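S.K.: I would like the atomic coordinates for the input below:
(4 chains)
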Number of protein chains: 2
Amino acid sequence: MKPYLLQMLKELALLGAIENRIEASSMQLAERINASQQTASRYLLELDKNGFINREMGIKKQLIHITEKGSDSLHEEYLSYRHIFSLPRFIHFKGKIVSGMKEGTYYTSQQGYVTQFKKKLGFIPYPGTLNLEIDLVEKNKLRFLKQEEGIQISAFETENRSFGGVKCFNACINKHNISLIFPLRGHYSNILEFIAPNFLRDRLDLTDGDLVEVVVTIEKQMSCGASDEK
Amino acid sequence: MKPYLLQMLKELALLGAIENRIEASSMQLAERINASQQTASRYLLELDKNGFINREMGIKKQLIHITEKGSDSLHEEYLSYRHIFSLPRFIHFKGKIVSGMKEGTYYTSQQGYVTQFKKKLGFIPYPGTLNLEIDLVEKNKLRFLKQEEGIQISAFETENRSFGGVKCFNACINKHNISLIFPLRGHYSNILEFIAPNFLRDRLDLTDGDLVEVVVTIEKQMSCGASDEK
DNA sequence: ATTACTAAGTTACGAGTAA
DNA sequence: TTTACTCGTAACTTAGTAA
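M.R.: Numbering: from 1, shown residues only, chains lettered A, B, ... in the order given. From the prediction side, this is the model:
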């Protein structure tokens, strides 16, 4: 099916032409696809000829209804898009190791977080975070993580202050299990923070500026093969 | 964005170019969109020029990666399709009243169904079903109902035989609340069966061949305004 | 093997306009 | 008002190639 016909069919569907016979003039449809009335008219003729729509022509208006064949075509397209935006389970990030603002140690040592990490991630994190600065072109991969629930770590309060909720994703670096950690509130930057059961900078001999690859999964379990226990 | 460029971008996304840099030749992509190598090459140039993709050109292969802008365009399209296929809550069917094979009375009188109808639909159905023959062009609307859970009526067994599960949808005919009923197993025909608390053929003065309109909802509650109780 | 240019062929577009 | 025809031209496609 020609892409421009599919586009027109999509517009009709958005106007409700799958569920109901809709009244739509060629002029009105032309505006929606940024084309002339003549072009819209031609598209409708072509869609009709190929059995994607039915039309009831009146003297001043036409009633349009998408056929089962047309609906099937749209649904197929829908499935493609759904595949694109909901299937990926492993996401690769390349980036370089950077130093954070040293706040990681304070946060990751809070008992309120630690008990949840142990229970939900299966390990007590080494204090501090490993920060990975990802390439800007890879930032769009974060979309997949934004829309995912992840492993939820609840907010809690201490005598002094309150700590916000975060969400985690299991991940893998050089065959070591780690967890990507995001605040539930706040924006996503191009610096990803990870926690791990060990001090990875020593274990993996990492220093600032080293280029590494991390595989993040949206699955709740993940093992990269190597064990993290001694 | 031109529809044919979006199509190419979609193909790249399906090959994983949102998450990863992918290796794809113009020849290979040309096959996927049923066009020549030259056309595919031109599309890639255009996508690149407009900032939808990044390319790393090698001597024998190119690495392609979809940018955030490209990913955004695809996501917008995805949302349109999702809107089309998951938003409708009220579905209108036009059709004509027909006589069933009189089996409706037997089934709708089964105690195993009746108790569930009363609990889940809020009424005890008048024995028998009202059958509506819908136009073939309206059959594609059934897709929305197929994918919906509806109000589930469980299977059960009597001493003699077993009765399969069915699902119901609240519906409305001439301001009277009724329910559309589907077997959970089995195919969907162009004859819809409805149950109602009253004998609708009398109430609404319906006879075979009468043209009526029914509004079905996928919501669990529905009231059409008029009361069904005296 | 690639990508992508040029040139020629083909299709699509829209102004004008009839019905 | 509509829809949709004709037809000149603009846009897109592809065969043939170069790099």
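S.K.: got the residue ranges for the strands in chain A?
M.R.: Here chain A has its strands, by DSSP state E, at A:22-23, A:53-57, A:62-66, A:90-98, A:130-134, A:151-153, A:156-157, A:162-163, A:166-173, A:176-183, A:191-195, A:211-217.
S.K.: Show me what from chain A comes close to chain B.
M.R.: Contact residues, chain A versus chain B (Cβ under 8 Å from any Cβ of the partner chain): A:3-4, A:6-7, A:10, A:13-14, A:16, A:18-20, A:54, A:65-68, A:70-72, A:74-75, A:77-78, A:80-85, A:88, A:91-92, A:137, A:139-141, A:143-144. Placement of C-beta: from N, CA and C, glycine included.
S.K.: Indicate which one of the strands of chain A is closest to B:Gln28.
M.R.: Smallest distance to B:Gln28 across these (Cβ to Cβ): 21.6 Å, for strand A:90-98.
S.K.: what does the average pLDDT come to for the closest one?
M.R.: Throughout strand A:90-98, pLDDT has a mean value of 90.
S.K.: sorry, back to before: possible to save the strands of chain A as JSON lines with mean neighbour count?
M.R.: Listed next are these as JSON lines, based on neighbours: other Cβ atoms under 10 Å in any protein chain shown:
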{"stretch": "strand A:22-23", "mean neighbour count": "16"}
{"stretch": "strand A:53-57", "mean neighbour count": "16"}
{"stretch": "strand A:62-66", "mean neighbour count": "22"}
{"stretch": "strand A:90-98", "mean neighbour count": "17"}
{"stretch": "strand A:130-134", "mean neighbour count": "20"}
{"stretch": "strand A:151-153", "mean neighbour count": "19"}
{"stretch": "strand A:156-157", "mean neighbour count": "12"}
{"stretch": "strand A:162-163", "mean neighbour count": "12"}
{"stretch": "strand A:166-173", "mean neighbour count": "22"}
{"stretch": "strand A:176-183", "mean neighbour count": "22"}
{"stretch": "strand A:191-195", "mean neighbour count": "21"}
{"stretch": "strand A:211-217", "mean neighbour count": "16"}
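S.K.: ok so, going back, mind checking which of the residues of chain A next to chain B are in helices?
M.R.: Counting by DSSP state H, the part of those found in helices is A:3-4, A:6-7, A:10, A:13-14, A:68, A:70-72, A:74-75, A:77-78, A:80-85, A:143-144.
S.K.: hang on, isn't A:Lys167 packed against A:Gln152?
M.R.: Yes: A:Lys167 is in contact with A:Gln152 according to Cβ atoms under 8 Å; the separation is 5.5 Å.
S.K.: which residues do the two both contact?
M.R.: A:Leu184 (Cβ atoms under 8 Å, 6 or more residues apart in numbering or on different chains).
S.K.: got a list of what A:Leu142 touches?
M.R.: Taking Cβ under 8 Å, 6+ apart as the test, what A:Leu142 contacts is A:Tyr188.
S.K.: Looking at it now. What's its pLDDT?
M.R.: 84.
S.K.: circling back to that earlier point, tell me which of the strands of chain A sits nearest to DNA strand C.
M.R.: Nearest of the strands of chain A to DNA strand C, taken as Cβ to the nearest atom of the strand: strand A:53-57 at 11.5 Å.
S.K.: distance between the ends of stretch A:118-135?
M.R.: Length of stretch A:118-135, first residue to last, Cα to Cα, to the nearest Å: 31 Å.
S.K.: Name the helix or strand of chain A that has the lowest mean pLDDT.
M.R.: helix A:142-146 (a mean of 79; mean pLDDT, DSSP states H and E).
S.K.: what comes up buried for that helix?
M.R.: A:Leu142, A:Arg143, A:Phe144, A:Leu145 (16 or more other Cβ atoms under 10 Å in any protein chain shown).
S.K.: what separates that helix from the chain centre, distance-wise?
M.R.: 4 Å (Cα atoms, centre = their mean, to the nearest Å).
S.K.: Poorly predicted segments of chain A, please.
M.R.: A:87-88, A:137, A:147, A:221-230 (pLDDT under 70).
S.K.: Write out the residues of it neighbouring DNA strand C.
M.R.: Contact residues, chain A versus DNA strand C (Cβ under 7 Å from any atom of the strand): A:Lys2, A:Tyr4, A:Ala35, A:Ser36, A:Gln38, A:Thr39, A:Arg42, A:Tyr43.
S.K.: Scan the residues you listed and report the most crowded one.
M.R.: Of the residues of chain A next to DNA strand C, A:Tyr43 is surrounded by the most neighbours, 24 neighbours in total, counting by other Cβ atoms under 10 Å in any protein chain shown.
S.K.: before we move on, back to that, drop anything exposed from the residues of chain A next to chain B.
M.R.: A:3-4, A:6-7, A:10, A:13, A:16, A:18-20, A:54, A:65-68, A:70-71, A:74-75, A:77-78, A:80-81, A:84-85, A:88, A:91-92, A:139-141, A:143-144.
S.K.: What separation do you get for the residue in chain A sticking out farthest from the centre and chain B?
M.R.: In chain A, A:Ile59 marks the outermost C-alpha relative to the chain mean, sitting 47.8 Å out by Cα atoms, centre = their mean. As judged by Cβ to the nearest Cβ, to the nearest Å, A:Ile59 and chain B stand 22 Å apart.
S.K.: May I have the phi/psi pair for that residue?
M.R.: phi -70, psi -30 (degrees, to the nearest 10).
S.K.: Enumerate the beta-bridge partners assigned to A:Gln62.
M.R.: On the basis of DSSP bridges, A:Gln62 is bridged to A:Met57.
S.K.: Now do the domain split for chain A, please.
M.R.: Using automatic domain parsing, the domain parsing of chain A gives A:3-85, A:90-217.
S.K.: B:Glu157: which of those is closest?
M.R.: Closest among those, once you apply Cβ to Cβ, is domain A:3-85, at 36.4 Å.
S.K.: any bit of that closest one sitting next to DNA strand D?
M.R.: Yes: counting by Cβ under 7 Å from any atom of the strand, contacts between domain A:3-85 and DNA strand D involve A:24-27, A:37-38, A:41, A:44-45, A:57, A:59-62.
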